[in-house]
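[1] got a structure for you, letters missing:
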């Protein structure tokens, strides 16, 4: 039976395709509207809700966009340095005149990534994404990025991941899922990561960083590491932070690899950043610590793979302004306040070291929260070098939801904690006020403590405005 | 002159998943603050346990690290048992707790023998037990509340010779079934609670120090100003 309303064969399929296209259009329009609405009412950056909506109603969205978009996709994953490295890559690419999209709000779970694709147009040249370790295999499989960059594996949020080994396995899986023709860029100073990507079929490019000659790192704060192949002790010829360094196993002969594109720290300016050298170029960065050198090495190597010269990439990084909480500087009560994010022992030790090397340090707030995004288990602060802070001899203000634990940690480190101030914004105002002329205050904050600080400071401004109206 | 109290820290660079250094730091500081002399000996792979150990502490590592250490621990078994027989306090936390037992069976079904100083066996089963915990504990006759955080895949069951360190008020405890938490057998004890365990549980820390000091004259554990410790303890106890 045939009739005018029942097209056969191809016609049927094309009809339903048209219908699906219509539905898809409506859903995507809805998702965009949702994002704009969230932004408009000020309920956030609108980075998660639209993605959630798309995940539910338009599961093929990502594949469709990835297939039609001409853009080159770059994915960055690993424990530390995702946000900074991804923003450095965007910054370098933009400085070449390219149009770059990305999850710049740091919303790095699938829904945040899905939302990012709402902004992708045919003229988008690059999409640079930071991807949470837990969803990395899923995102790599769905998007097949042209470049996957893996920063490092440190123990972090163990109440979420159980063991750091699980994160290494997730990143290893992502490397295996990556197409052979794509580029894989890994931190070759990381033995866990080198071992995790061993089954990668395609080529692997490495990056690394070297401290200033003569600079020693406290081995007490190193991460536990043994030969990933045979379990014997690793020997290091050089070591930077955590388990990173040039490691060999004398027992079975395994080596975590050498070479790659490396950043050498040439000079350190404490809170004002570092100067690094990569190949024949040098760059003065506004962010400091050996961790900044790793991030820069990763970003410059990624840019090099994408066709930007090392000279141009380094020149571009000189103008790189850090993202909120990653070495950001605020001004309060006429004093400069540095906001440094910390989330695990390795990262915290790196920022403690950076801050304590600066003679302008006048007062420090240590704000530890225990929400899901911070990790509910705060035992990591006992693996963190508070002894270094205690020796700095400046007032230390415990803050955040776990200010009591911070106070206790400072006491056992040999310091005398100031009275705890759980409210981060109030604590940092107090810290700024206690700084003498020429001194600067620091807040070391876990992720949600940093968000609370931002909210607390803007609320203060609104309050003042309200008071003025009265 | 009082002799130094000897604290032995086993494999501090490898068994240190959850702030385990904090436990040794708490023991050491609480002696120093009382003017009592103390030595901390860090034992690495291939090292012997000092014969004059008063306290032996064993922290936790990942499955991978603990597997790599199993042969080594086999060789130390008699030395640690000797220290315990001579009256030393032996404390294992999380992975260290499991190592003190008869055996540990991992997710693949492979069984690694432990030191057998505690009459317990551990088997990995089901999802990891993760969260805040509070227990009503008792050690050498003193009762106390102990707070901490637990994160373990293993389920531990007590044999007849071991008693629980405490009863679970909140959390999972040894196995999520019988409300027991930790184990005590003489002066050997273990628990899943970290946080780390001792800084925010000063009563337990001092009970261990008292037990370890009882063999020597002149180690008086005078009271300390523990206001910060109890604030942290009580906040953890009230936290949901």
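    That came through fine. Since the structure is predicted, the reported quantities are computational estimates derived from the model, not experimental observations.
[2] Quickly list what residue A:277 is bridged to.
    Here residue A:277 sits in beta bridges with residue A:264, residue A:282, going by DSSP bridges.
[3] Tell me how far it lies from chain B.
    Distance from residue A:277 to chain B, counting by Cβ to the nearest Cβ, to the nearest Å: 32 Å. Using the backbone N, CA and C atoms, a C-beta is placed for each residue, glycine as well.
[4] which residues in chain B form helices?
    B:21-32, B:63-85, B:95-99, B:202-213, B:227-238 (DSSP state H).
[5] And the shortest one, what does it pack against?
    Looking back up the chat, that one is helix B:95-99. Contacts defined by 3 or more Cβ pairs under 8 Å, 6 or more residues apart in numbering or on different chains; DSSP states H and E place helix B:95-99 against strand B:55-58, helix B:63-85, strand B:142-158, strand B:188-191.
[6] ditto for the first one
    If you count contacts as 3+ Cβ pairs under 8 Å, 6+ apart, helix B:21-32 packs onto helix A:403-412, strand B:5-10, strand B:38-43, strand B:55-58, helix B:202-213.
[7] so which of those is the most packed in?
    Greatest average neighbour count among those goes to strand B:55-58 (a mean of 28), per mean count of other Cβ atoms under 10 Å in any protein chain shown.
[8] State the paired neighbours of that one in the sheet, together with their directions.
    strand B:5-10 (parallel), strand B:89-93 (parallel).
[9] Make TSV from the ones you listed and add mean pLDDT to it.
    Below are the strands paired with strand B:55-58 laid out as TSV (pLDDT from 0 to 100):
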stretch	mean pLDDT
strand B:5-10	96
strand B:89-93	97
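[10] In the stretch 201-350 of chain A, what residue comes closest to chain B?
    residue A:231 (3.3 Å; Cβ to the nearest Cβ).
[11] Tell me the pLDDT of that residue.
    We have a pLDDT of 90 for residue A:231.
[12] Name the helix or strand for it, please.
    Using DSSP states H and E, residue A:231 sits in no helix or strand.
[13] hang on, the earlier thing: let me have the strands paired with strand B:55-58 in JSON lines, adding distance to residue A:343 as columns.
    Output for these, formatted as JSON lines (distance: least, Cβ to Cβ, whole Å):
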{"stretch": "strand B:5-10", "distance to residue A:343": "26"}
{"stretch": "strand B:89-93", "distance to residue A:343": "23"}
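[14] so residue A:296 sits right up against residue A:89, yeah?
    No: taking Cβ atoms under 8 Å as the definition, residue A:296 is not a contact partner of residue A:89, at 10.5 Å.
[15] Show me the beta-bridge partners of the nearest residue to residue B:137 once chain neighbours are set aside.
    Counting by Cβ to Cβ, 6 or more residues apart in numbering or on different chains, residue B:166 is the residue found nearest to residue B:137 once chain neighbours are left out, at 3.3 Å. Judged by DSSP bridges, the bridge partners of residue B:166 are residue B:137, residue B:181.
[16] and residue B:166, how many residues sit next to it?
    26 (other Cβ atoms under 10 Å in any protein chain shown).
[17] got the contact list for it?
    Shown in contact with residue B:166 (Cβ atoms under 8 Å, 6 or more residues apart in numbering or on different chains): B:135-138, B:146, B:180-182.
[18] Could you do residue A:54 as well?
    So residue A:54 contacts A:27-28, A:31, A:61, A:111, A:114-115, A:118 (Cβ under 8 Å, 6+ apart).
[19] Name the residues of chain A found near chain B, please.
    Listed as neighbours of chain B in chain A under the rule Cβ under 8 Å from any Cβ of the partner chain: A:155, A:158-159, A:162-165, A:220, A:222, A:224, A:226, A:231-233, A:376-383, A:402, A:404-405, A:407-409, A:411-412, A:417.
[20] Filter those residues down to the buried ones.
    When these are checked for burial by 16 or more other Cβ atoms under 10 Å in any protein chain shown, the buried set is A:155, A:158-159, A:162-165, A:222, A:224, A:226, A:231, A:233, A:376-383, A:402, A:404-405, A:407-409, A:411-412, A:417.
[21] For burial, what's the neighbour tally of residue A:212?
    Neighbours around residue A:212, by other Cβ under 10 Å: 14.
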